[in-house]
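[1] Build me a model from this:
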Amino acid sequence: MMMAEEADLDLVEIAPTAQPPVCRIMDYGKFKFQEAKRLHESKGKQRQIEIKEIKLRPQTDENDFNIKMRKLREFIAEGDKVKVTLRFRGREMAHQEFGVRQLDRIKLETEDICVVEQFPRMEGRLMVMMVAPKKKVVPVAKPAAPKPAASAPAAAPAKPAVAVVGDAAGTPAPAGAPKIAA
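    Numbers count the residues shown, from 1 in each chain. Okay, the predicted model is just below:
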């Protein structure tokens, strides 16, 4: 307590349930400010994922379908999820297989950039499918292969990677050094 007062800092209890309780001498106001600043910075780096919607009909023509696919690819590239909605009207309800074929076609054309999060299902007169961008795969860095030492003589003994303390030659181990079995 006196050390904290002498340094003009605060005595902060870190772990009150530990035996004995753990305390730290710090400037608590500065600590709280840095925590708030760190929290604010982390919120700025987050991106809110939006759900965009593309509406189709079972009889959507080829050119209109291509435009919808281009927009779907744009939404996925931005990192948004896309809800693909197929609306059936009148007699189209009797031929839902046309809608299933269209959603299967969307799934096949976009399988390189997105995954189906919710498979097609009927909701009243609507058939809905949800797609989301694929997770970005971070390539694992492979360690560089060691180059063979062509210039080194073959008869030279290799040095051990870990120094053995107190080896068989009778070298004494320094006080407090960990013992390594050879």
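[2] list the buried ones in the helix or strand that contains residue 129?
    Using DSSP states H and E, the element containing residue 129 is strand 126-133. Counting neighbours by 16 or more other Cβ atoms under 10 Å, one finds that the buried residues in strand 126-133 are 127-133. All C-beta atoms are positioned from the backbone trio N, CA, C, and that covers glycine.
[3] which neighbours does it have in its sheet, and in what orientation?
    Strand pairing for strand 126-133, determined by DSSP bridges: strand 81-87 (antiparallel), strand 114-123 (antiparallel).
[4] Which positions in the lengthiest helix in the chain come out as buried?
    When the chain is scanned for its longest helix (criterion: DSSP state H), the result is helix 28-45. Residues of helix 28-45 classed as buried: none (neighbour count, 16+ other Cβ under 10 Å).
[5] neighbouring contacts of it?
    Applying Cβ atoms under 8 Å, 6 or more residues apart in numbering, the set of residues contacting helix 28-45 from outside is 10, 12.
[6] what's the average pLDDT for it?
    Averaging pLDDT along helix 28-45 gives 85.
[7] Then stretch 74-91?
    The pLDDT scores in stretch 74-91 average 91.
[8] Going along the chain from the longest helix of the chain, find the next helix or strand for me.
    strand 51-56.
[9] Heading C-terminal from that next one, find the next helix or strand.
    Downstream of strand 51-56 (by DSSP H and E), the next one is helix 62-77.
[10] For stretch 23-34, what is the distance to the chain centroid?
    31 Å (Cα atoms, centre = their mean, to the nearest Å).
[11] likewise stretch 46-53?
    16 Å.
[12] Report the buried residues of that stretch.
    Within stretch 46-53, judged by 16+ other Cβ under 10 Å, no residue is buried.
[13] Dump that stretch to PDB, restricted to CA.
    The C-alpha trace of stretch 46-53 is given here as PDB (Å, rounded to 0.1, in the frame of the first residue of the first chain):
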ATOM      1  CA  GLN A  46     -15.700  -5.900 -37.400                       C
ATOM      2  CA  ARG A  47     -18.000  -6.000 -40.500                       C
ATOM      3  CA  GLN A  48     -21.700  -6.500 -40.200                       C
ATOM      4  CA  ILE A  49     -22.900  -9.300 -42.600                       C
ATOM      5  CA  GLU A  50     -26.000  -8.300 -44.400                       C
ATOM      6  CA  ILE A  51     -28.600 -10.600 -46.000                       C
ATOM      7  CA  LYS A  52     -29.300  -9.600 -49.500                       C
ATOM      8  CA  GLU A  53     -32.300 -11.100 -51.400                       C
END
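[14] Name the surrounding residues that touch that stretch.
    Here stretch 46-53 has contacts from 75, 79-85, 130, using Cβ under 8 Å, 6+ apart.
[15] what's the angle from the strand holding residue 129 to helix 62-77?
    Interaxial angle of strand 126-133 relative to helix 62-77 (axes from the mean of the first three to the mean of the last three Cα atoms, to 10 degrees): 40 degrees.
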